[in-house]
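**Student:** with the sequence up front, the predicted model follows.
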Amino acid sequence: MGTPKLVVDIARARVLETCKRQLHVRLKIASLPTETTTFGLLIYGLCYEVFVVSFDDGYYPYERVSFGLLPTSSSTYKNAEKTLMDLLQLKESTSIVVFDA
């Protein structure tokens, strides 16, 4: 929504690299498979994307688990429920990783 694709792609790569660095820190103390996961959130313009990055036998697979449009006006208020559900799911996922460890 107004943000050039190249800028978004560069920012997405930075978010994923940050997740990978966070994962390296976690791997030093991890004792359970659930501890080998990190999460990233990219916000650009009025859009957001949520990523999960894990470690699997030397690889760092990532997945975009949700994306959407932020509710910022009366014309986009319909997105509020999905945005809140995505953020609550992110919170629940991070709690599972942290507290199950």
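**Tutor:** That came through, no problem.
**Student:** quick one: mean pLDDT for the lengthiest helix in the chain?
**Tutor:** Ranked by number of residues, the top helix in the chain under DSSP state H is helix 5-29. Regarding helix 5-29, the rounded mean pLDDT is 93.
**Student:** from what I can see Val53 touches Thr37, true?
**Tutor:** Yes: the criterion here is CB atoms under 8 Å, and Val53 meets it with Thr37 at 7.1 Å. (Glycine included, C-beta is placed from N, CA and C.)
**Student:** which residues sit against the longest helix of the chain?
**Tutor:** Contacts to helix 5-29, defined as CB atoms under 8 Å, 6 or more residues apart in numbering, come from residues 35-42, 44, 49, 51, 53-55, 60, 62.
**Student:** three-state assignment of the residue of the chain most remote from its centre?
**Tutor:** Distance to the chain centre peaks in the chain at Ser74, reaching 26.4 Å (criterion: CA atoms, centre = their mean). Secondary structure for Ser74, judged by DSSP: H, G, I helix; E, B strand; the rest coil, is coil.
**Student:** right, I'll call it a day here.
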